[in-house]
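Participant: Sequence first, predicted model second:
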Amino acid sequence: MSKLIIDTDPGIDDSMAIQLALASKEFEILGLTTVFGNINVELATINALRLLQLANKVEIPVAKGASKPLKSEFSGGVPFVHGDDGQGNTWQPPGCLSPISTPADEFLIEQVLKFPKQVTIAALGPLTNLAIALSKEPEIQKLVKEIVFMGGNAFCSGNATPAAEANMFSDPDAADLVLGAKWPITMIGLDVTHKTIISKEALEKISEFDSPLNNHITKAYQFYLDFFRRVNKIDGTYVHDASVFTYLIDRTLYKTVTYPIRVETQDCLSKGKTWPSLGDADHEEGEALQPWKNRPKVTICVDVNSEKVIALMQKRLTKG
Ligand code: RIB
Ligand code: CA
């Protein structure tokens, strides 16, 4: 069983990912940390608390995190994707739980120091909390078991822009810092989540499972389905955040490569793009390769057995 912290901006797909993690015996969830992204961090925190209450997991702490990127202002989120409430405009009443007083970055540091080499951090939103924790306590890069994050696009186009994936686009400075640290880190990017589609039929099967959490997520998911039908012309949705947990549950479902990565931080056409250095640039070891020089290698998921991923999700999400 892995000790796990989920850093999240719930978000409809975050909610299904959290549901999957809660239903999986592989994880001992130490806490949730919230971050701006799909919505503001206040709503992300309310949503995270409500999910845990619906799941009757009220003992799991929620630590509120960053409200904006490291070097800019919060851009307002993506209500057209996740609803104004981040839960498909279901506007459920807030639960009765409150976040702990410890901020997210300090919670991450505290838990990694308390359980050296045992804590896995699953990051499902912008990497701002991890960047702040790293700058406050650089030792955590040696003491965390591993980081697995949903974000980036190594060899495919983006979704926030043609160049960049949403979580990296939301805070490219944080992403570049996190991907430059010397901790074991794996990228679950659009390279595999755009190959993993959960169909309307599969979602209908999952919706038959009767539980307060599943019933809520089924309702919220209708908004997400409508977005994908309207914009991506698919009768289902990509599986973004939940892919972090299907990877952690069964790594054999994914093919990986390892390369140093830089993230475009300039406010330009390719802001937020994750650029792997394939090391085969056709020029001398000159200035051009310097930005990637001495950067640690990142494990990048580049292919996936999506059928088995969907089957795994269906199995886990339809049991108590
Ligand atoms: O690009 C998809 C990612 O951005 C997911 O984490 C989704 O929840 C949004 O945060
Ligand atoms: Ca997310």
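Facilitator: Okay, I see it. Numbers count the residues shown, from 1 in each chain. Ligands and ions are numbered 1, 2, ... in the order given.
Participant: Near ligand 2, which residues of the stretch 151-300 of the chain? Just list them.
Facilitator: Asp241 (C-beta under 5 Å from the ion). Backbone N, C-alpha and C define where each C-beta goes, glycine included.
Participant: what's the closest non-adjacent residue to the residue in the stretch 151-300 of the chain that ligand 2 sits nearest to?
Facilitator: Nearest to ligand 2 in the stretch 151-300 of the chain, going by C-beta to the ion, is Asp241, at a distance of 4.9 Å. Closest residue in space to Asp241, ignoring its immediate chain neighbours: Ala17 at 3.6 Å, by C-beta to C-beta, 6 or more residues apart in numbering.
Participant: low pLDDT regions in this structure?
Facilitator: Residue ranges of the chain with pLDDT under 70: 279-289, 320.
Participant: on that earlier part again, and the residue nearest to Asp241, how close does it get to ligand 2?
Facilitator: Ala17 sits 8 Å away from ligand 2, taking C-beta to the ion, to the nearest Å as the criterion.
Participant: can you check Gln118 too?
Facilitator: 24 Å.
Participant: Also Ala311?
Facilitator: In this view, Ala311 and ligand 2 are 23 Å apart by C-beta to the ion.
Participant: Shouldn't that residue be within a strand?
Facilitator: No. Read with DSSP: H, G, I helix; E, B strand; the rest coil, Ala311 is helix and lies in no strand.
Participant: And the helices in the stretch 1-150 of the chain?
Facilitator: Taking DSSP state H, counting those that start in this stretch, the helices of the stretch 1-150 of the chain run over residues 12-22, 41-54, 79-82, 104-114, 128-136, 140-143.
Participant: Tell me where the longest helix sits in this structure.
Facilitator: helix 212-227 (DSSP state H).
Participant: From Glu137, how far out is Arg295?
Facilitator: To Glu137, Arg295 is 21 Å away according to C-beta to C-beta, to the nearest Å.
Participant: which residues in the stretch 151-300 of the chain form helices?
Facilitator: Listed in chain order, the helices of the stretch 151-300 of the chain (DSSP H, counting those that start in this stretch) span 166-170, 172-178, 190-193, 200-207, 212-227, 242-249.
Participant: Arrange the ones you listed in CSV, one row each, with distance to ligand 1 as further columns.
Facilitator: Converted to CSV, the helices of the stretch 151-300 of the chain look like this (distance: least, C-beta to the nearest ligand atom, whole Å):
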stretch, distance to ligand 1
helix 166-170, 4
helix 172-178, 12
helix 190-193, 7
helix 200-207, 17
helix 212-227, 10
helix 242-249, 9
